[in-house]
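In: Here is my input; please provide its structure:
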Amino acid sequence: MWRICSKHRICSTIPRRYRTSKPAGRPASDDLVRRHFHANAANVVWLTDITEHWTGRGKLYLCAVKNVWSNRIVGWSVNSRMRASLTVDALEDVWRRRGRPCDVIS
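Out: Numbers count the residues shown, from 1 in each chain. All right, here's what the predicted structure looks like:
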């Protein structure tokens with residue numbers, strides 16, 4: 001294959017692997033859940049996740065808030081840009097529906 005390609009001056013390029021410019025630093029906050037995703041009552045532990053969806057008009061980002069105790073989505077937010085406000089809007093959606101808890105640790 002290489003001989004045929006070089007005879008006809010066909011070259012292939014292999015894209016370089018994507019690498020981050022700097023190593024990951026310390027987390028911005030402590031891991032209070034310690035990766036034990038369970039709760040003994042409702043509204044004690046919430047998880048958030050951001051998912052990217054492709055549409056005919058481009059990307060959309062969905063941030064969902066999940067109540068660990070009930071295993072249900074309790075709030076969400078959608079935006080065309082992935083910013084911190086996407087998660088804040090999803091949490092505010094939960095607070096509008098269920099009321100704001102007294103002791104929020106983020």
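
In: Tell me where this protein has strands.
Out: Assigned by DSSP state E, the chain shows strands spanning 46-55, 58-67, 72-79.

In: Worst mean pLDDT across the helices and strands of this protein, which element?
Out: Least confident helix or strand, the chain: helix 2-7 with a mean of 73, by mean pLDDT, DSSP states H and E.

In: My understanding was that Asp89 contacts Leu62; is that so?
Out: No. Counting by CB atoms under 8 Å, Asp89 stays clear of Leu62, with 11.2 Å between them. (C-beta placed from N, C-alpha, C; glycine too.)

In: what's the longest helix in this protein?
Out: Ranked by residue count, the top helix of the chain under DSSP state H comes out as helix 84-98.

In: how much space between the residue nearest the centre of the chain and Ile4?
Out: Per CA atoms, centre = their mean, the C-alpha nearest to the average position across the chain is that of Ile50, at 2.9 Å. To Ile4, Ile50 is 47 Å away according to CB to CB, to the nearest Å.

In: cool, and Asp31?
Out: 55 Å.

In: ditto for His38
Out: As judged by CB to CB, His38 and Ile4 stand 60 Å apart.

In: Low-confidence ranges, the chain, go.
Out: 1-2, 5, 11-14, 19-21, 103-106 (pLDDT under 70).

In: Report the contact partners of Cys63.
Out: Neighbouring residues of Cys63 by CB atoms under 8 Å, 6 or more residues apart in numbering: 48-51, 76-78, 86-87, 89-90.
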